[in-house]
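Participant: From the sequence below, what's the structure:
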Amino acid sequence: MKQVQSMNMNDLSYFIDLAETHSFTAVAKHFDISQPSVTYAIKRLEEHFEAQLINRDQSHKTISLTPAGSTLYLAAQKIVAEYHFAQSEIKLQTQQKLTLGLPPIIATYYAPKLSHLLLEHNLLEHVQTIENGSIDLINKVSLGQLDMALIGAPTPPTGLQNVQCKQISAYPFVLITADQTTPDQLSFKELDQQKFILLNESFVHNSVFTQLSENSGVHPSISYQTSNLTLLKDLVRQHGGMSFITTLALTDADQDLKQIKLTDVDLPTFNIYAVSRIQEHADAMTRELEGLINHLD
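Facilitator: Now for the predicted structure:
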């Protein structure tokens, strides 16, 4: 009886990349391995499945998938994704600490409240917080790289597997400027000549600003983007223009910045959502943390 070699995840990963790039050289560079290593990986897979997976055109130095290769490509994508998800799940389950994602703006307001609650319930030393933009945190929860997160978004996140979501609160979006002579209210259509300093693409503010711009047919100039909220406010103070932000990001120290209400009827709100991974057998610590977060206000 013929002995068939076992597969490994690396071989499948190399094969997926080869199917997408059509280049042994590109795969070797992507994974920082030698080109013969990629060749041997494909050979091992072909021996395992006892089928030719790729067609090699030596004259044009290109490759294409055979019907068997196309079948494996579709299956391998699911296998590798499930494998990495399992890795993340097991890693989180074996860690002593739960991971909680907080965007910088939300952390400024909620971190003190949350720290007090965690201390009160003897959970403070068991929770590790990670700061990032809401969009990145949603993806990390979905991929099993975070237990839960507080995120800001105009609507609940959708299309995510193994994720549950609950709205905590809502805050309006406003404009801020150092120019105290600016009117108290403006519509987005009146901002065509303004220069803006914005939070970057990892923050939902950016996508909401873009959507308002498209809806109104007005495209204000964006002079700078940053992930640093303090820097953003300082640049506005130096008369660098306006910014589009939520009232949650403003504190008593920002009273020198004028808030301007946007009068657009289609203006969304900055909603705070608690998102967490759906776990069939969540431990007591996870359930307690979820309960505390879901009852924040």
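
Participant: which parts of the lengthiest helix in the chain are buried?
Facilitator: Selection of the longest helix in the chain by residue count, based on DSSP state H, yields helix 67-94. Within helix 67-94, the residues scored as buried using 16 or more other Cβ atoms under 10 Å are Gly69, Leu72, Tyr73, Ala76, Ile79, Val80, Phe85, Ser88, Glu89, Leu92. Any C-beta I mention is one placed from the backbone N, CA and C, and that applies to glycine too.

Participant: need the next SSE after that helix, C-terminal direction.
Facilitator: Remark: after helix 67-94, the chain's next helix or strand is strand 98-102, criterion DSSP states H and E.

Participant: Tell me the pLDDT of Tyr285.
Facilitator: Careful, residue 285 is Met and not Tyr. Per-residue pLDDT puts Met285 at 74.

Participant: tell me the SS of it?
Facilitator: Secondary structure assignment for Met285 (DSSP: H, G, I helix; E, B strand; the rest coil): helix.

Participant: gap between it and Leu118?
Facilitator: Using Cβ to Cβ, to the nearest Å, one gets 11 Å for the distance from Met285 to Leu118.

Participant: neighbour-wise, which of those two wins?
Facilitator: When Met285 and Leu118 are compared on other Cβ atoms under 10 Å, the one with more neighbours turns out to be Leu118, at 20 against 17.

Participant: Now do that one, the pLDDT please.
Facilitator: In this model, Leu118 is scored at 83, pLDDT.

Participant: How about the secondary structure of it?
Facilitator: With three-state DSSP as the basis, Leu118 sits in helix.

Participant: Let me see the ranges of the strands in the stretch 101-250 of the chain.
Facilitator: Per DSSP state E, counting those that start in this stretch, the stretch 101-250 of the chain carries strands over the ranges 127-131, 148-153, 163-177, 185-186, 195-199, 221-226, 243-246.

Participant: Need the contact partners of the second one.
Facilitator: Identification of contacts with strand 148-153 by Cβ atoms under 8 Å, 6 or more residues apart in numbering yields 98-103, 105-106, 110, 134, 137-138, 140-141, 157, 168, 203-204, 246, 248, 270-277, 289-290, 293, 296.

Participant: in its sheet, what does that strand sit against?
Facilitator: strand 98-102 (parallel), strand 269-277 (antiparallel) (DSSP bridges).

Participant: quick one: which of these is nearest Leu232?
Facilitator: If you check each of these against Leu232 by Cβ to Cβ, strand 269-277 wins as the nearest, at 15.3 Å.

Participant: Alpha carbons of that closest one, as CSV, please.
Facilitator: Presented in CSV, the C-alpha positions along strand 269-277 are these (Å, rounded to 0.1, in the frame of the first residue of the first chain):
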residue,chain,number,x,y,z
THR,A,269,-24.7,59.6,15.5
PHE,A,270,-21.5,58.2,17.0
ASN,A,271,-22.9,55.1,18.7
ILE,A,272,-21.0,53.1,21.3
TYR,A,273,-21.3,49.4,20.9
ALA,A,274,-20.0,46.5,23.1
VAL,A,275,-18.9,43.7,20.7
SER,A,276,-17.8,40.3,21.8
ARG,A,277,-17.1,36.9,20.5
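
Participant: Give me the contacts around that strand.
Facilitator: Contacts made with strand 269-277 from outside it, assessed by Cβ under 8 Å, 6+ apart, are listed as 106, 110, 137-138, 141, 144, 146-157, 162-173, 204-205, 208, 246-248, 290, 293-294, 296.

Participant: Off-centre distance for the longest helix of the chain?
Facilitator: Centroid displacement of helix 67-94 relative to its chain, using Cα atoms, centre = their mean, to the nearest Å, is 20 Å.

Participant: before we move on, what about stretch 106-116?
Facilitator: Once both centres are worked out by Cα atoms, centre = their mean, stretch 106-116 turns out to sit 21 Å from its chain's centre.

Participant: got a list of contacts for it?
Facilitator: Surrounding stretch 106-116, the residues in contact under the criterion Cβ under 8 Å, 6+ apart are 102, 124, 129, 131, 134, 150-152, 229, 248-249, 251, 272, 292-293, 296.

Participant: Could you pick out the buried ones from the residues you listed?
Facilitator: The neighbour-count test (16+ other Cβ under 10 Å) applied to those identifies Leu102, Thr129, Ser134, Leu150, Ile151, Gly152, Leu229, Leu248, Ala249, Ile272, Leu292, Ile293 as buried.
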